[in-house]
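[1] Quick one, fold the following:
(one chain, ligands or ions: 2)
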Amino acid sequence: MNSQAKISNLDDLIFDNRFIRELPADTETINNRRQVIGACYSRVLPTPVANPQRVAYSREVAELLDLTTDLCESDDFTQVFSGNRLAVGMESYATCYGGHQFGNWAGQLGDGRAINLGEVINQKSERWALQLKGAGPTPYSRTADGLAVLRSSVREFLCSEAMYHLGIPTTRALSLMLTGEPVIRDMFYNGNPKAEPGAVVCRVAPSFTRFGNFQISTARGDHALLKKLADYTIRTDFPHLGEPTPAVYIDWFAEVCRRTAQMIVHWQRVGFVHGVMNTDNMSILGLTIDYGPYGWLENYDPDWTPNTTDAGDRRYRYGNQPQIAFWNLGQLANAIYPLIEEVEPLQQALNVFKNTFERDWQTMMAGKLGLNAFDPATDKELCTELLVLLQLVETDMTIFYRQLAMIDTNVETPLILSLCEDMINRFSTAYYVSEQITPDYKTRLCLWLSRYIDRVKNDGTPDEIRQQRMNAVNPKYVLRNYLAQLAIDKAEQGDFSMVNELLELLRHPYDEQPNKEEFAAKRPDWARQRAGCSMLSCSS
Ligand code: AMP
Ligand code: MG
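    Ligands and ions are numbered 1, 2, ... in the order given. Next comes the predicted model:
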């Protein structure tokens, strides 16, 4: 596995810290909270911690960085990725960004608890930026402490890697460390602060630049800085577009629109709800970024959001994610307008989002159903009715599609009652409330199954092939909210086994895994209203 990994000492990593080399730095170097004008970043050191301890690391991310297993299990690895030591070549800094939070312009935000360590160039000449989350205050920490707790760090670590293995663009996570220091948090902002274990995650991505990094300069009227960051981003992360010109800015924006649409289609496919789609949490590379109060759909419900901080408006609910992504791209368009000074081409580029989303969503649904291609003439209605059925009774989305893959389509249609009963029984593991399975519901589902079977027959796809196709896009295992919480409960007691077990499980989300069936089960009743399982807040 590790035959290619050659780095056994972190001081041997090759860094090329282009972001700080090419972009303007904050001239102030004291680490106090302030407005940072005319600069893309501020130099700041991680705060040392008392007694760091490794909880987990991702072997795939270690491989990206060419690190040996021995190195990842060494004390020096723990020291460096908890913020106690900078390896040779690391230069630490926090970036300046702004953003719209819950639809309102919030001014300067910035890396309030993220500290970048620099950009590694690996043996494949790929650029990977490293960033500690929770390593202490920065000039952008505003009134907060710059720290992170174990609970949210376990969630970020596991979900980053789970998303990667699901084939979804995302920032990665190299490591999860306990700091050995307590952090005070009022989990639901209701006057119940308590001490929780502090933790640091090392995130890894080609770039952590957000929509908000561009927005802040425009908001301040600093078009020169805006241009510097845009040109830098195009040259570094979008080199195929060519040297920046007004036409290239448009191409770039269109590509951001396309990538963002593709990312959202993936989210909808697996039932991922980000929870805080503020513009400061939108990656310019179209990566899923900032895992906070995210959640996974259990029963299919477009109105569901895991984030209690958003319970009123449900702005960031599952079914609203495409509209919000589009709105956020509109804010990015406003931010880069000074580079282009023409509305029309920006509007056309925004249409790329709509067109990509619609086309890819249809292809994605066809894939979930195992069809050769989406045929609007029949499949619009087929999908609409299915999504109604999934809501008529509380149905676990993940389980439903895996069961649908297994039905036998070599039967006569319309289905006779007894066959229908058999098929519906298949879905029993997906239903949350058995009393909801009324005769009316059964009749309607039966009708849909008959239509679906006809549609599959029309395609001429054998069941075995259809099943393979479906199981390649409909995961068996996702990071169910209650599973993450169980792993957190244990980790808080010093037992990291379940964190590592889930990390391992989620490396193969589409495979049947013997002896792991329990992790594919629907949410147990106890988890329905438990904090962390169905309710989360921004507190982390
Ligand atoms: P979020 O909603 O988590 O994406 O965070 C919004 C802003 O608040 C970002 O600028 C974060 O860096 C900052 N932030 C969140 N939590 C903390 C914290 N504990 N300490 C400092 N800054 C924070
Ligand atoms: Mg954020």
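
[2] At the geometric centre of the protein, which residue do we find?
    The chain has residue 288 as the residue nearest its centroid, 3.6 Å off, counting by C-alpha atoms, centre = their mean.

[3] what residues are up against that residue?
    160, 163, 168, 169, 170, 171, 263, 267, 272, 274 (C-beta atoms under 8 Å, 6 or more residues apart in numbering). Using the backbone N, CA and C atoms, a C-beta is placed for each residue, glycine as well.

[4] run the last query once more with 7 Å
    Neighbouring residues of residue 288 by C-beta atoms under 7 Å, 6 or more residues apart in numbering: 163, 168, 169, 170, 171, 263.

[5] now swap in residue 223 and tell me
    residue 338.

[6] Beta-bridge partners for the residue nearest to the centre of the chain, please?
    residue 170 (DSSP bridges).

[7] what's the closest of the contacts of residue 288 to ligand 1?
    residue 171 (12.6 Å; C-beta to the nearest ligand atom).

[8] Not counting sequence-adjacent ones, nearest residue to that closest one?
    Leaving aside its chain neighbours, residue 171 sits nearest to residue 205 (4.1 Å; criterion: C-beta to C-beta, 6 or more residues apart in numbering).

[9] Is it correct that the one you found is in contact with residue 287?
    Yes. The pair residue 205 / residue 287 is scored as a contact, 6.0 Å apart, by C-beta atoms under 7 Å.

[10] which of the contacts of residue 288 has the most neighbours?
    The most crowded member of the contacts of residue 288, judged by other C-beta atoms under 10 Å, is residue 163 (28 neighbours).

[11] how close does that one sit to ligand 2?
    Distance of residue 163 to ligand 2, given as C-beta to the ion, to the nearest Å: 16 Å.

[12] shared neighbours of residue 205 and residue 287, which are they?
    Common neighbours of residue 205 and residue 287 (C-beta under 7 Å, 6+ apart) are residue 171.

[13] so what are the domain limits for this structure?
    10-208, 212-368, 376-460 (automatic domain parsing).

[14] Tell me who's in contact with residue 357.
    261, 264, 265, 322.

[15] Can you identify the element that follows the helix or strand harbouring it toward the C-terminus?
    Remark: residue 357 resides in helix 343-369, with elements defined by DSSP states H and E. Of the helices and strands lying after helix 343-369 in sequence (DSSP H and E), the nearest is helix 376-392.

[16] what's in contact with the helix or strand just after that following helix?
    Sequence-wise, the next helix or strand downstream of helix 376-392 (DSSP H and E) is helix 397-405. Residues outside helix 397-405 that contact it (C-beta under 7 Å, 6+ apart): 271, 297, 300, 368, 370, 390, 426-427, 429-430, 467, 470-471, 474-476, 478, 522.

[17] what angle separates helix 397-405 from helix 343-369?
    60 degrees (axes from the mean of the first three to the mean of the last three C-alpha atoms, to 10 degrees).

[18] Please compute how far the helix or strand just after helix 397-405 lies from its chain's middle.
    Next helix or strand after helix 397-405 toward the C-terminus (DSSP H and E): helix 417-426. In this view, helix 417-426 has its centroid 37 Å away from the chain centroid, taken as C-alpha atoms, centre = their mean, to the nearest Å.

[19] and helix 417-426, what does it pack onto?
    Secondary-structure packing of helix 417-426 (3 or more C-beta pairs under 7 Å, 6 or more residues apart in numbering; DSSP states H and E): helix 439-459.

[20] still on that earlier bit, would you turn the contacts of residue 288 into a markdown table with distance to residue 181?
    Shown next, in a markdown table, are those (distance: C-beta to C-beta, whole Å):
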| residue | distance to residue 181 |
| --- | --- |
| 163 | 29 |
| 168 | 33 |
| 169 | 33 |
| 170 | 28 |
| 171 | 25 |
| 263 | 35 |
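
[21] Nearest to ligand 2: which residue in this protein?
    Proximity to ligand 2, evaluated over the chain using C-beta to the ion, is greatest for residue 290 at 3.9 Å.

[22] what's the burial count for that residue?
    Count around residue 290 with other C-beta under 10 Å applied: 23.

[23] excluding its backbone neighbours, what's nearest it?
    Per C-beta to C-beta, 6+ apart, closest to residue 290 is residue 281, 4.2 Å.

[24] Can you report phi and psi for the one you found?
    phi -110, psi 20 (degrees, to the nearest 10).

[25] Begin at 38, not 1, for the rest of this chat.
    Got it, the first residue is 38 from now on, which makes the last one we talked about residue 318.

[26] Whichever residue of the stretch 438-577 of the chain sits closest to ligand 1 in helix, strand or coil?
    Ligand 1 sits closest to residue 575 of the stretch 438-577 of the chain, with a gap of 5.5 Å, by C-beta to the nearest ligand atom. At residue 575 the chain is in coil, as set by DSSP: H, G, I helix; E, B strand; the rest coil.

[27] burial count for it?
    Neighbours around residue 575, by other C-beta under 10 Å: 16.

[28] Quick check: pLDDT value at the nearest residue to it once chain neighbours are set aside.
    Closest residue in space to residue 575, ignoring its immediate chain neighbours: residue 346 at 4.7 Å, by C-beta to C-beta, 6+ apart. Listed pLDDT for residue 346 reads 90.

[29] End to end on stretch 539-549, go ahead and measure it.
    15 Å (C-alpha to C-alpha, to the nearest Å).

[30] Now do it, average pLDDT.
    Here the average pLDDT along stretch 539-549 is 98.

[31] Does residue 148 touch residue 174 like I think?
    No. Taking contacts as C-beta under 7 Å, residue 148 lies outside contact range of residue 174: 10.4 Å.

[32] still on that earlier bit, can you tell me which of the contacts of helix 434-442 end up in helices?
    Within the contacts of helix 434-442, residues falling in helices by DSSP state H are 405, 427, 463, 504, 507, 508.
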